[in-house]
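In: compute the structure for the input listed below.
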Amino acid sequence: MNIPELQRLALEVTQGRTTEQVLTTVVAGLNAQADVALARIWLIRDGDICHRCPMAKECPGEVPCLHLVAGQGTSLEDADCSRLDGFHSRMPLRARKVGQIAQTQTAVVVNDAATDPHIADKDWVKRERIVSFGGQPLLFRGQVLGVLGVFSRVPLDEDAMAWMRVFADHCSGALITATAFEEAQQLRLQLQRERDYLQEEVRVTRQRGGIVGSSPALERTLHQVEMVADTPATVLIVGESGVGKELIAGAIHEGSGRAPRTMVRVNCASIPNELFESEFFGHVRGAFTGAVRDRIGRFALADGGTLFLDEVGEIPLPLQGKLLRVLQEGSFERVGESQTHKVDVRVIAATNRDLKAEAEAGRFRLDLYYRLSVFPIAVPPLRDRRGDVPQLASVFLKRAEQRLGSRLLHLTQMDMEQLVAYDWPGNVRELQNAIERAAILAGPKGRARVELGTPAGREVATRSQPAEGRVLTEAEIDALIRRNTAAALAACDGRIYGDSGAASMLGLKPSTLRSRIKKLGL
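Out: Next up, the predicted model:
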């Protein structure tokens with residue numbers, strides 16, 4: 001080996017700011033040395049492909065092993081020497097020469113590769129005219145990080161191995177520095193994302209308010225929340241649309257030991273099918289068209305905290321298996337990446353569907369249903385907690401005053417009786433919208449005008465119907481389509497996807513509705 005060149009390379013290695021830069025610089029620099037046929041680096045990591053590892057017979061499985069992370073060589077047969085997925089992609093500790101180097105933390109040199117019994121692929125040695133192999137452990141403060149190995153077409157003498165030892169120490173230091181730098185960058189990025197997310201959460205929480213009411217039905221639900229909150233159990237919240245399932249999820253999170261961390265919310269009904277995996281698990285740059293940068297997924301963002309999956313019944317069947325794996329094993333891979341990531345996430349799911357019936361119909365995985373419903377909580381509809389209506393109405397009226405900048409508003413006793421008597425098919429969300437509409441229509445003395453049983457946009461749509469036999473102009477047709485689309489969106493709270501979305505209500509494909517919304521400027 002060229003000693004001055006190794007000295008220059010050792011200095012260059014220390015300039016790397018990522019592990020990928022360090023690894024690439026090392027194997028490329030060694031490969032540039034005269035007579036070096038192949039340079040490789042293995043690092044110790046947790047076992048990840050034990051069930052299909054080519055060396056499974058030499059390993060007990062599910063234990064740390066050596067992962068081939070970098071390789072570069074000059075083949076006499078134009079073979080691809082940079083592949084990391086071959087037979088030696090995983091190497092058990094103590095197995096073969098590379099495993100022995102890591103286990104004993106001692107260098108190994110072989111200058112008779114063609115006859116050495118521990119070098120298995122004698123045909124490759126012969127074809128590539130390999131004479132020797134030199135391996136050095138990558139050590140940092142007594143801890144072995146991995147192994148640096150070089151296959152050479154000339155013998156490796158003591159001087160070469162001594163310089164290789166010095167070079168390996170430089171590599172170890174550079175890897176530790178780069179790893180620390182990456183972790184600091186990742187932590188900074190996650191803190192920035194959590195800060196932005198929490199700022200948005202504060203804004204939304206101020207608008208949404210807390211759980212309001214003291215009816216027996218609600219008290220039973222809150223008692224269940226108290227029982228399960230400070231456990232690690234997965235919770236499935238079931239209830240009709242608009243009953244406040246997300247608020248129940250927030251109460252569970254706030255009552256748990258995970259409260260200091262983020263509760264990340266995901267509305268599964270609003271995510272296009274092709275983006276589910278990326279949204280949940282993240283992706284690496286170049287994983288698909290449009291992936292111009294790495295993206296952290298919702299599971300990684302919720303690490304140490306809680307992930308709330310609203311409308312969980314909308315998750316596509318192909319992704320349900322991957323979700324089940326995360327729930328069972330706490331691990332996942334980002335799209336376009338083979339590295340396994342471990343997370344500690346508590347999942348709270350919510351749905352207005354009968355998931356067991358969906359599973360029996362083949363539209364939802366039964367094993368996922370059982371995994372999600374470890375502790376089911378049923379949120380009562382508003383018609384079963386009518387005693388809470390006056391208190392809720394008062395809270396929503398006060399909030400409407402603040403949002404609209406209105407004078408003091410009030411509801412009469414007759415208004416309250418009307419509100420309590422109404423069945424509220426849209427539950428608490430419908431009540432909130434009705435009170436805000438009443439505040440907007442308030443008279444000069446501050447009395448809110450309550451109008452029930454007329455969904456937003458129905459009167460407008462009725463008045464816009466043409467007289468029988470009259471031909472509409474193009475402008476009138478466009479206006480009618482716009483009003484009808486707006487009414488559908490209002491009735492579905494802006495939701496496009498899913499059985500309860502506006503696209504289904506209008507009989508359109510979600511992509512068609514999205515294009516129409518953009519065209520109409522809604």
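In: what helix or strand does the spatially closest residue to E436 that is not a sequence neighbour sit in?
Out: Of all residues beyond its chain neighbours, the one nearest E436 is A400 (4.8 Å), with distances taken as CB to CB, 6 or more residues apart in numbering. From N, CA and C alone the C-beta is placed, and that goes for glycine too. Using DSSP states H and E, A400 sits in helix 389-404.
In: residues making contact with that helix?
Out: For helix 389-404, the external contacting residues (CB atoms under 8 Å, 6 or more residues apart in numbering) are 207, 209, 212-214, 382, 406-411, 416, 419-420, 424, 428, 431-432, 435-436, 438-440, 448.
In: how about that helix: buried residues?
Out: Residues of helix 389-404 classed as buried: 389-390, 392-393, 395-397, 399-401 (neighbour count, 16 or more other CB atoms under 10 Å).
In: redo those as CSV? Include distance to L138.
Out: CSV is the format used below for these (distance: CB to CB, whole Å):
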residue, distance to L138
V389, 68
P390, 70
L392, 63
A393, 68
V395, 62
F396, 63
L397, 68
R399, 61
A400, 65
E401, 67
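In: where does pLDDT dip in the stretch 1-150 of the chain?
Out: Along the stretch 1-150 of the chain, the model assigns pLDDT under 70 to residues 1-3, 61-62.
In: rerun that using 90 as the cut-off
Out: 1-21, 24-36, 45-64, 73-100, 103, 111-128, 141-142 (pLDDT under 90).
In: strands along that one, start to end?
Out: Secondary structure of the stretch 1-150 of the chain (DSSP state E, counting those that start in this stretch): strands at 36-45, 65-73, 90-91, 108-110, 132-140, 143-152.
In: would you turn those strands into CSV with distance to L309?
Out: Output for the strands of the stretch 1-150 of the chain, formatted as CSV (distance: least, CB to CB, whole Å):
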stretch, distance to L309
strand 36-45, 30
strand 65-73, 32
strand 90-91, 34
strand 108-110, 51
strand 132-140, 41
strand 143-152, 38
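In: buried stuff in the next helix or strand after the helix holding A400?
Out: Using DSSP H and E, the helix or strand that follows helix 389-404 in sequence is helix 413-421. Neighbour-count burial for helix 413-421, counted by 16+ other CB under 10 Å, picks out 415, 419.
In: distance from the chain centre to the helix or strand following helix 413-421, please.
Out: Using DSSP H and E, the next helix or strand after helix 413-421 towards the C-terminus is helix 427-440. Put simply, helix 427-440 sits 34 Å off its chain's centre (CA atoms, centre = their mean, to the nearest Å).
In: what angle separates helix 427-440 from helix 389-404?
Out: 50 degrees (axes from the mean of the first three to the mean of the last three CA atoms, to 10 degrees).
In: got the CA positions of helix 427-440 in CSV?
Out: Once non-C-alpha atoms are left out, helix 427-440 reads as follows in CSV (Å, rounded to 0.1, in the frame of the first residue of the first chain):
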residue,chain,number,x,y,z
ASN,A,427,-74.1,15.2,17.0
VAL,A,428,-71.8,17.8,18.8
ARG,A,429,-70.4,19.0,15.5
GLU,A,430,-73.8,19.8,14.2
LEU,A,431,-74.7,21.6,17.4
GLN,A,432,-71.6,23.7,17.2
ASN,A,433,-72.4,24.7,13.6
ALA,A,434,-76.0,25.4,14.5
ILE,A,435,-75.0,27.7,17.3
GLU,A,436,-72.5,29.5,15.1
ARG,A,437,-75.2,30.0,12.5
ALA,A,438,-77.6,31.2,15.2
ALA,A,439,-74.9,33.8,16.3
ILE,A,440,-74.5,35.0,12.7
